[in-house]
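S.K.: Quick one: sequence plus predicted model below, questions after.
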Amino acid sequence: MLQLTPSDQLTQNELDAAKLVVMDDFNPQMQPRFSWPASFAVSRAYIDQLTRDKGLAADRLADVTRVLNEAERARPAVRRAALTKLVDALEYDAALAENGPKVQALAGVGAEAGRTALAARRPAARQGASRPPVSRVVASTL
C-alpha cells in the first residue's frame, strides 16, 4: 500500500488527521463533504498549517501547543477547563491573526474536543445539556 510521507509541505500531524476520515464508499460524482472528528491530531494539523503560513505568531503557537499537550494528558474535567480557556483565547487571537479563519477553525476543534471530554464522563441523561457561558480570556493569560 502506498502512503504519503511527511515533508516540508505536509506534516505527520496532517497525515494523522487525514487518517481519521472514514468513508464506506467513495463516488467522486457525489462530491462528498469531508469532516474530521474533534481530536488532538486535527488540532495539531491546524497548528502545523498556521506555522507553515505564519498565520499566528510563533510564541502564541508554542503556547497553544503546550496547552494542548497538557490538556491531552489531563483528566476529562481538567481537559475541558483547559480547552475552554484555550478556545476563548484563540477566538480573541483570530481577530488579530494573519490567518483568522484558520485560527477560528482551530478554536472550533478545541471547543468540540472540550464538549467531548465532558460528555465522556457525564451520565447518559445529561449529555445533551447546554454548555455554560464562559468569560472571555485575554490571549496573554495562557
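M.R.: Nice, I can see it. Numbering: from 1, shown residues only.
S.K.: helix/strand/coil for Pro6?
M.R.: Here Pro6 takes the coil state, with states given by DSSP: H, G, I helix; E, B strand; the rest coil.
S.K.: If I look at the residue with the largest distance to the centre of the chain, what pLDDT would I see?
M.R.: In terms of distance from the mean C-alpha position of the chain, Gln29 ranks first, at 29.8 Å (C-alpha atoms, centre = their mean). Gln29 carries a pLDDT value of 86.
S.K.: And it, how far from Asn13?
M.R.: 31 Å (C-beta to C-beta, to the nearest Å). Every residue, glycine included, has its C-beta placed from N, CA and C.
S.K.: Repeat that for Leu83.
M.R.: Going from Leu83 to Asn13 by C-beta to C-beta gives 17 Å.
S.K.: Between these two, which is the more surrounded one?
M.R.: Leu83 (30 against 19; other C-beta atoms under 10 Å).
S.K.: which secondary structure element contains the more buried one?
M.R.: Assigned by DSSP states H and E, Leu83 falls within helix 76-96.
S.K.: number of nearby residues for Leu20?
M.R.: Taking other C-beta under 10 Å as the criterion, the count of residues near Leu20 is 15.
S.K.: likewise Glu14?
M.R.: A count of nearby residues for Glu14, using other C-beta under 10 Å, gives 20.
S.K.: quick one: low-confidence ranges for this protein?
M.R.: 117-142 (pLDDT under 70).
S.K.: Quick one: the helices in it, in order.
M.R.: With helices called from DSSP state H, the chain shows them at 12-18, 40-52, 58-73, 76-96, 100-121.
S.K.: May I see the buried residues of the shortest one?
M.R.: Neighbour-count burial for helix 12-18, counted by 16 or more other C-beta atoms under 10 Å, picks out 13-14, 16-17.
S.K.: name the helices or strands packed onto it?
M.R.: Counting contacts by 3 or more C-beta pairs under 8 Å, 6 or more residues apart in numbering; DSSP states H and E, helix 12-18 packs against helix 40-52.
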